[in-house]
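# Got a predicted structure plus its sequence, pasted below:
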Amino acid sequence: MQDQGVQESVDVVVVGAGLSGIGAACHLRRESPDESVVVLEARDSLGGTWDLFRYPGVRSDSDMYTFAYDFAPWRSARSIADGADILAYLDRTARAYGVDRQVRLGHRVVGAEWSSADARWRVTVAHDQTRSTIVCRFLWLCTGYYRYDGGYAPELPGQHAFGGRLVDPQHWPVDLDVAGRDVVVLGSGATAVTLVPALAARGARVTMLQRSPSYVAAVPREDGLVRRLSGRVPPGALARVSRSRHLVAQLVTVTASRHRPALVRRLLLRAATRRLPPGYDVGTHFSPRYDPWDQRLCVSPDGDLFAAIAAGRAEVVTGSVETLTPTGVRLASGTELPADVLVRATGLELLAFGGVTLAVDGHPVTVGGRLAYRGSMLEGVPNLAFTLGYARASWTLRADLVAHWVTRLLRRMRRDGLAVVTPGPAPHDVAAERRPLLDLTAGYARRGRGRLPEQGSRGPWRSPSDHLRGTAAFRWGRQTEGLRFTREPVGPEREDAR
């Protein structure tokens, strides 16, 4: 690969042109217009997850009123949107703020090294069999938290004997016709809950094979209040009301789940029972061993999963795989499920910062060994921010808060002539009580422990877990607590701790 050396210098490099990256660039255009910005995207189109995932039924699992950016309200009555609609929203927003002109597609960031002598990042970019370097003052990583080139794909016993087609959701084949075929979807998470009714609607005989169940909540696909008030209430006011209603609903649900888990469990199981045939074994197939919201709650728009089961177009089987056979899947119980197609919806693989390697003054940064400052900067790493959304609420709620905070920080640094900002070091007692930054019990979170940054025992080294605490921390908290600033890159004697 040919190295073209340093190509240009900008103020801010944003890595990733998905939901977080487009949002970050829009916030910069709106709130820090003096910063020159480049957005680098490894794939050949913007949209991130919403361009990558093409499997049947792909959709949001959060309401769009809180999933949309705070500066670009969702105007439709469709609360749970299809992937294509979300991608169109992202494209429309990027164009509205001129961000589409800042995005460079097919530019993969492979590494970045900070130079204290220059107070700059040197970002190594691969594009068209060449490597080049972009120099920037500030690096903003908006790459999400999972691996794009493949999900968790465990080797299944007897996999090579299987005579059907083995499919992974992240690489859904465009030529796959499931009409009239037996399809087994292996998994019980959001992807499986989405796929099963969508495949049934395409004429497949679908079985969702799960080792253990997840909580599934039926939610309206449309917001009836928005539909009734559209055209009668000014769009801006309607958008604010809709967003506030759904914010409160999220907060109540998660708070109740944390403090009254038994009550929320009963309500979820009771709601599922009402939508399923009489005598259906809800306790086996829809009653997990964990409490609600210890893992993300799966949503079923208008109860489409329950409707497919009730109509006999889909079934749920709970059990362990013994082996694949030429014609299907044999369970440990001895039952064999026929399968022409096996969909391995077995979860994600965590990946920090899209696999970008980081170094500070020639010393590699081990991301998993660092504490996260406000869940958005790394201890001891200068002029770097990253965006991760909430685990138990809409991703974008937190992404917007991080973006407001980072742009405010950049404005302050420009105004006060500050060249470098570095988090930490964290107090000893805070660092001694480390915990995962992604505080869920889901399989992908357990498997990936140690790959993402960690958090400490209290703020600003503890990441807010809900939107009320997040708003308090990012909007109203002391912005510079725990940060060190340097006016000029001439050594530690010029460092100004704030």
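Right, received. Where do you want to start?
# now the helices for the stretch 251-400 of the chain?
With helices called from DSSP state H, counting those that start in this stretch, the stretch 251-400 of the chain shows them at 261-275, 282-285, 304-310, 395-416.
# Can you say which of these is nearest to A25?
helix 395-416 (9.2 Å; C-beta to C-beta). (Glycine included, C-beta is placed from N, CA and C.)
# pretty sure S257 contacts W293?
Yes - using C-beta atoms under 8 Å, S257 is in contact with W293, at 4.0 Å.
# Kindly reformat the helices of the stretch 251-400 of the chain as TSV containing mean pLDDT, distance to V13 and mean neighbour count.
What follows is those, written out as TSV (pLDDT from 0 to 100; distance: least, C-beta to C-beta, whole Å; neighbours: other C-beta atoms under 10 Å):
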stretch	mean pLDDT	distance to V13	mean neighbour count
helix 261-275	97	43	15
helix 282-285	96	47	15
helix 304-310	98	41	22
helix 395-416	96	13	20
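# Provide the secondary structure category for the closest residue to H171 other than its chain neighbours.
Nearest residue to H171, sequence neighbours excluded (C-beta to C-beta, 6 or more residues apart in numbering): G150, at 7.4 Å. Under DSSP: H, G, I helix; E, B strand; the rest coil, G150 falls in the coil class.
# try T207
Quick answer, by three-state DSSP: T207 is strand.
# can I assume it is in contact with R181?
No - applying C-beta under 8 Å, one finds T207 not in contact with R181, separated by 11.7 Å.
# I'd like to know which elements the helix or strand that contains A239 is packed against.
Using DSSP states H and E, A239 sits within helix 235-259. Secondary-structure packing of helix 235-259 (3 or more C-beta pairs under 8 Å, 6 or more residues apart in numbering; DSSP states H and E): helix 64-67, helix 224-229, helix 261-275, helix 467-471.
# Let me have the ones you listed in CSV, adding distance to Y55 as columns.
What follows is the helices and strands packed on helix 235-259, written out as CSV (distance: least, C-beta to C-beta, whole Å):
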stretch, distance to Y55
helix 64-67, 19
helix 224-229, 28
helix 261-275, 24
helix 467-471, 29
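# and the gap between R202 and A314?
12 Å (C-beta to C-beta, to the nearest Å).
# meant to ask about T133, not that
T133 is 52 Å from A314, by C-beta to C-beta.
# what about these two, which has more around it?
Set side by side, T133 and A314 show more neighbours around A314, with 25 against 19, by other C-beta atoms under 10 Å.
# May I ask you to confirm that that one is in contact with V196?
Yes - using C-beta under 8 Å, A314 is in contact with V196, at 5.1 Å.
# Spell out which residues are contacts of both of the two.
Common neighbours of A314 and V196 (criterion: C-beta atoms under 8 Å, 6 or more residues apart in numbering): V206, M208, L305, A308.
# Check which residues of stretch 233-245 are buried.
Residues L238, A239, S242, R243, R245 are the ones in stretch 233-245 that count as buried (16 or more other C-beta atoms under 10 Å).
# wait, stretch 95-109
Applying 16+ other C-beta under 10 Å to stretch 95-109 flags Y97, V99, D100, Q102, V103, H107, R108, V109 as buried.
# same deal with stretch 119-134?
So stretch 119-134, judged by 16+ other C-beta under 10 Å, has buried residues 119-127, 131-134.
# end to end, how far does that stretch reach?
14 Å (C-alpha to C-alpha, to the nearest Å).
# what's the offset of that stretch from the middle of its chain?
Centroid separation for stretch 119-134 versus its chain: 26 Å, with C-alpha atoms, centre = their mean, to the nearest Å.
# How about stretch 181-191?
21 Å.
# Extract the CA atoms of it and return them as CSV.
Provided in CSV are the C-alpha atoms of stretch 181-191 (Å, rounded to 0.1, in the frame of the first residue of the first chain):
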residue,chain,number,x,y,z
ARG,A,181,-39.3,-22.8,3.2
ASP,A,182,-38.5,-23.9,6.7
VAL,A,183,-36.4,-21.2,8.4
VAL,A,184,-34.9,-21.5,11.9
VAL,A,185,-33.8,-18.3,13.5
LEU,A,186,-31.2,-19.0,16.2
GLY,A,187,-31.3,-16.4,18.9
SER,A,188,-33.7,-14.4,21.1
GLY,A,189,-32.5,-10.8,20.9
ALA,A,190,-33.7,-7.8,19.0
THR,A,191,-32.6,-9.1,15.6
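# where does the chain have low pLDDT?
1, 5-6, 441, 444, 448, 488-498 (pLDDT under 70).
# go with 80
1-7, 148-153, 369, 438-450, 465, 477-479, 488-498 (pLDDT under 80).
# Next up, the contacts around the residue nearest in space to the middle of it.
When C-alpha atoms, centre = their mean is applied to the chain, the residue found nearest the centroid is G144 (5.4 Å). When contacts are counted by C-beta under 8 Å, 6+ apart, G144 touches G16, G18, S20, G48, T49, G354, L388.
# Give me the secondary structure label for it.
Relying on three-state DSSP, one would call G144 coil.
# Kindly report the same for T422.
With three-state DSSP as the criterion, T422 reads strand.
# Now it: closest residue in space that isn't a chain neighbour?
T422 sits nearest to P382 (C-beta to C-beta, 6+ apart), 4.4 Å away.
# isn't the one you found right up against S115?
No - contact between P382 and S115 fails when scored by C-beta under 8 Å: they sit 9.8 Å apart.
# Of these two, which one has the most company?
Taking neighbours as other C-beta under 10 Å, P382 and S115 compare with P382 leading, 24 against 16.
# picking that back up, please enumerate the shared neighbours of S257 and W293.
Common neighbours of S257 and W293 (C-beta under 8 Å, 6+ apart) are V264.
# Quick one: closest of the helices and strands packed on helix 235-259 to G189.
helix 261-275 (15.8 Å).
# Against which helices or strands is the strand ranked longest in the chain packed?
In the chain, taking DSSP state E as the definition, the longest strand is strand 2-15. Counting contacts by 3+ C-beta pairs under 8 Å, 6+ apart, strand 2-15 packs against helix 19-31, strand 37-41, strand 120-127, strand 130-141.
# Give me the buried positions along the longest one.
Of the residues in helix 19-31, those with enough neighbours to count as buried (16+ other C-beta under 10 Å) are L19, S20, G21, I22, G23, A24, A25, C26, H27, L28, R29, E31.
# Please consider this matter closed, and thank you.
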